[in-house]
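>>> fold the following for me, if possible:
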Amino acid sequence: MNTEDFKTDLHALPATEPVVPASPAELVELADPVGMPGLPPEGQVVADPVLDDSPAPVPVSDGEAELPAAEVPQVPPVPVALTEPVPDIATLTAAKDAAAFVAQIFADPSISDSSDAEVTPLAAEEAVESEQVLPPVAAGWPGEQVQHLQGQRVLVLGLGASGLAMARWCVRCGAEVIVADTRQAPPQLQQLSTELPQVRFVPGEFTAQLVDGQSLGLVYRSPGLSPAAVAPVVDTARAQGLPVGGELDLFAMALKALAAAHGYRPTVLGITGTNGKTTVTSLTGQLLEHAGLRVAVAGNIGPTLLDTLTQAIDAETLPQAWVLELSSFQLDGVQMFEPTAAAVLNITQDHLDWHGSLRAYADAKACIFGSSGTMVLNREDPEVMRMLPAPVVPPGKRQKPQQRAHITFGGDMPRRPGDFGLEVVSGMTWLVRAHEADETAKGKNAEDLYIQRLMPADALRIRGRHNAINALSALALASAGGCTLAPLLYGLREYRGEPHRVQPIGRVNGVEYYDDSKGTNVGATVAALSGLGPDHRIVVILGGDGKGQDFSPLVAPVSRHVRTAVLIGRDAGRIRAALQDCGVPLVDATTMADAVELAASRAHEGDAVLLSPACASLDMFRNYEDRAHQFVDAVRALALDAGHELGGAA
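Below you'll find the predicted structure:
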């Protein structure tokens, strides 16, 4: 399909008629690769996106984008139908330009994302990453091959999912295992007794007696146990020179043993942060799959690291890439983990009762990078950027200081080559990447950056500015893992989001309803309000068990975006005190059904009702999922009262 056909098919406008901007909904339809002429079938991965035929690169100086002169960008000659110039950007509205550009991303498999790469057509099966040939690993590995566990007596603290996984792995590696738990009959006890009858279970308080005189070789603690809870055992073990670790240490040592014995060296990507971990982990896994890799997603997102590894070994399907969601609990004190790349998404107050201070919490998060992994950092978060070490001067004379390898992302314009960000052009937000300066222009403008527009944020199926930033972090992480952009962008377009994370659930009487029940801390709710706020006035449902948080960060986004706040739960009074001067009506509700009815009565057509409590759920509900289900049930009842089924969310 040539360029003129492309313009006619999309816009159906004579050249002399004015171009009418498309609405965001129309843009998504225009950008949707499914069913468009000349596009690959759904699920087929195409080659790299159009980078050289995008609107002329935008030099960046002082952080401001300078619009290029109106000219037709030149496309390198390619042996496919699309050889005519891309439409002049000066003649298109931002919406029409976005539709054309995104369609080209998904339609033209012949152009590389490298500015100086030779352009050749690729067969569909060649458009994905080349299949890595993995070394054979026999089912049942490691047996006696992991020397640090073979014949050792190992103490595992805590019998949750992670504790059970550690017990299984240590037994598999030839260790004698003792499991201790403060509970007399934890839920996993029956499973432990059935699967591992040789393991001794010790209930009761964690004391030094679990270590003294037990001839232990190693101690591993479950991630949910706070440092204070395990201190009597851990301090005694360390005083006796015993190694103390957790599931992530065992996983890292297993990968090291697999590399030594079988040459298995997969890509390992880690994700942590206060908010957005699960979304970015799931999205990154999906992007890598679109890049043609066999992927395992594990960790805090579930299932456990060691159970996932065991299943992959026994099925003889070791993945080419691991994508791991890691909490601060899992990372605290870890020493052996060395990822290919890792991302810290953000740092806000959370779990301070566990870590003791924000600094200790951030230090635990920073353990995700290991000693040499590429750091993927949110440049808008000062706590995250503090994790980047100062440049180091290598040995030798006249050596320039070397900065650790890192990529940044954020909601602003990127300022370094390879970084990701957002750019607003004529009212339309684009996901962008800063490109290396043109090598041929070094003598003239070596410091110039060129902005590569990847796709409009409205082409994403997940909504909100915070989700656009989540998408950038996943792109940055997958790129750091060695993937090219084309299949990543296709995967990004197809991602539909995670349950209970600003999940659209329906529209009733012109009001959209969103479930963000997973927003259990202030930072998550700030992100949700800031993400939805530019498109809607919001009626927000807040409250629950505040876990001792400071609610003052809610004041700015509530003042800016919220029509009414409905307060529920134990800490409704504390939230009211924090928000009382922000100029927004505050109303109280006793049940979720009551809260939804009040929210619906205060919302106007075109508004959004957002459940984003900024609090834990256990004061009123079984868990955050139960809270979400009650919210959805209440919205469904509203829809039935209005005479229709729940549906129609954006």
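>>> so, low pLDDT: which residues of the stretch 101-250 of the chain?
Within the stretch 101-250 of the chain, the segments meeting pLDDT under 70 span 101-136, 138, 140, 143-147.
>>> in it, which spans are strands?
Under the criterion DSSP state E, counting those that start in this stretch, the stretch 101-250 of the chain contains strands at 153-157, 176-181, 200-203, 218-221, 244-245.
>>> dead centre of this protein: give me the residue that sits there.
residue 280 (1.2 Å; Cα atoms, centre = their mean).
>>> so how far is residue 327 from that residue?
13 Å (Cβ to Cβ, to the nearest Å). Just so you know, the C-beta spots here come from the backbone N, C-alpha and C atoms, and that holds for glycine as well.
>>> cool, and residue 260?
29 Å.
>>> for residue 218, list each beta-bridge partner.
residue 154 (DSSP bridges).
>>> for it, give its distance to residue 251.
From residue 218 to residue 251 the distance is 14 Å (Cβ to Cβ).
>>> between those two, who's got more neighbours?
residue 251 (27 against 20; other Cβ atoms under 10 Å).
>>> which of residue 260 and residue 327 has more residues huddled nearby?
residue 327 (20 against 10).
>>> the residue nearest to that one when sequence neighbours are not counted: neighbour count?
Excluding the flanking residues, the one nearest residue 327 by Cβ to Cβ, 6 or more residues apart in numbering is residue 300, at 4.5 Å. Residue 300 sits with 21 neighbouring residues when counted by other Cβ under 10 Å.
>>> in the longest helix along the chain, what counts as buried?
Across the chain, the helix with the greatest residue count (assigned by DSSP state H) is helix 624-641. Neighbour-count burial for helix 624-641 flags 624, 627, 628, 629, 630, 631, 632, 634, 635, 636, 638, 639 (criterion: 16 or more other Cβ atoms under 10 Å).
>>> how about stretch 499-517?
Buried residues in stretch 499-517 (16+ other Cβ under 10 Å): 500-508, 511-517.
>>> repeat for stretch 215-235
216-223, 225, 227, 229-230, 232-234.
>>> now that stretch, how far from the chain's geometric center?
30 Å (Cα atoms, centre = their mean, to the nearest Å).
>>> please enumerate residues in contact with the longest helix of the chain?
499-500, 505-506, 508-509, 513, 515, 517-518, 520, 541, 544, 592-593, 595-597, 600, 609, 611, 613, 616-617, 620-621, 645-647 (Cβ atoms under 8 Å, 6 or more residues apart in numbering).
>>> which strands and helices sit next to the helix or strand that residue 526 is a member of?
Residue 526 belongs to helix 522-532 when elements are defined using DSSP states H and E. Helix 522-532 makes packing contacts with helix 465-480, strand 538-543, helix 555-561, strand 608-611 when contacts are defined by 3 or more Cβ pairs under 8 Å, 6 or more residues apart in numbering; DSSP states H and E.
>>> let's see that with 10 Å instead.
helix 465-480, strand 511-515, strand 538-543, helix 555-561, strand 608-611 (3 or more Cβ pairs under 10 Å, 6 or more residues apart in numbering; DSSP states H and E).
>>> next, the angle from the first one to helix 522-532.
What it means is helix 465-480. Going by axes from the mean of the first three to the mean of the last three Cα atoms, to 10 degrees, helix 465-480 is angled at 100 degrees with respect to helix 522-532.
>>> against residue 185, how distant is residue 269?
Residue 269 sits 38 Å away from residue 185, taking Cβ to Cβ as the criterion.
>>> whoops, I mixed them up, residue 585
Counting by Cβ to Cβ - residue 585 and residue 185 are separated by 49 Å.
>>> and for residue 280 and residue 327, which residues touch both?
Contact criterion Cβ atoms under 10 Å, 6 or more residues apart in numbering; residues shared by residue 280 and residue 327: 272, 273.
>>> how near is residue 238 to residue 533?
Applying Cβ to Cβ to residue 238 and residue 533 gives a distance of 48 Å.
>>> more neighbours: which of the two?
Neighbours per residue, other Cβ under 10 Å: of residue 238 and residue 533, the larger number sits with residue 533, 19 against 13.
>>> give the closest residue to that one in space, chain neighbours not counted.
Using Cβ to Cβ, 6+ apart, the nearest residue to residue 533 is residue 561, at 3.1 Å.
>>> and what of residue 572?
residue 543 (4.5 Å).
>>> so what's that neighbour up against?
Applying Cβ under 10 Å, 6+ apart, the residues near residue 543 are 551, 565-576, 588-589, 595, 613-615, 619-620.
>>> just the buried residues of these.
551, 565-569, 571-572, 574-576, 589, 595, 613-615, 620.
>>> which of these fall in helices?
Short answer: the buried ones among the contacts of residue 543 in helices (DSSP H) are 572, 574, 575, 576, 595.
>>> max pairwise distance over those: which two?
574 and 595 (17.1 Å; Cβ to Cβ).
>>> partners of the closest residue to residue 584 other than its chain neighbours in the sheet?
Leaving aside its chain neighbours, residue 584 sits nearest to residue 562 (5.1 Å; criterion: Cβ to Cβ, 6+ apart). The partner list for residue 562 in beta bridges (DSSP bridges) reads residue 538.
>>> domains in the chain, by residue range?
153-245, 249-391+401-407, 503-641 (automatic domain parsing).
>>> can you tell me which of those domains comes nearest to residue 477?
That would be domain 249-391+401-407 among the domains of the chain, by Cβ to Cβ, at 4.9 Å.
>>> now the end-to-end length of the closest one.
Its first and final residues considered, domain 249-391+401-407 spans 25 Å by Cα to Cα, to the nearest Å.
>>> next secondary structure after the host helix or strand of residue 261?
Element membership for residue 261 (DSSP H and E) is helix 247-262. Counting by DSSP H and E, the next helix or strand C-terminal to helix 247-262 is strand 267-272.
>>> output that next one as CSV, nothing but the C-alphas.
Extracted as CSV, the C-alpha positions of strand 267-272 are listed here (Å, rounded to 0.1, in the frame of the first residue of the first chain):
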residue,chain,number,x,y,z
THR,A,267,18.3,-12.6,30.4
VAL,A,268,17.1,-11.7,33.9
LEU,A,269,15.0,-8.5,34.4
GLY,A,270,13.9,-7.3,37.8
ILE,A,271,11.2,-4.8,38.7
THR,A,272,10.5,-3.1,42.0
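>>> before we move on, the earlier item: now the strands of the stretch 101-250 of the chain in CSV, with distance to residue 275?
CSV is the format used below for the strands of the stretch 101-250 of the chain (distance: least, Cβ to Cβ, whole Å):
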stretch, distance to residue 275
strand 153-157, 28
strand 176-181, 30
strand 200-203, 36
strand 218-221, 25
strand 244-245, 27
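>>> out of those, nearest to residue 393?
strand 244-245 (33.3 Å).
>>> the closest one pairs with which strands, parallel or anti?
In the sheet, strand 244-245 lines up with strand 218-221 (parallel) (DSSP bridges).
>>> got the CA coordinates for the partner strand in PDB?
The C-alpha atoms that make up strand 218-221 are tabulated as PDB, following Å, rounded to 0.1, in the frame of the first residue of the first chain:
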ATOM      1  CA  LEU A 218      22.600 -22.000  56.500                       C
ATOM      2  CA  VAL A 219      19.600 -19.900  57.500                       C
ATOM      3  CA  TYR A 220      16.900 -18.700  55.000                       C
ATOM      4  CA  ARG A 221      14.000 -16.400  56.000                       C
END
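>>> ok, residue 455 touching residue 489?
Yes: contact status for residue 455 versus residue 489: in contact at 5.8 Å, counting by Cβ atoms under 10 Å.
>>> ok, residue 287 to residue 317 distance?
Counting by Cβ to Cβ, the gap from residue 287 to residue 317 is 20 Å.
>>> hang on, I meant residue 369
Applying Cβ to Cβ, the value for residue 369 to residue 317 is 28 Å.
>>> ok, those two, which is more surrounded?
residue 369 (27 against 12).
>>> show me the contacts for the residue nearest to residue 327.
Residue 300 neighbours (Cβ under 10 Å, 6+ apart): 162, 223, 271-272, 277-278, 281, 324-331.
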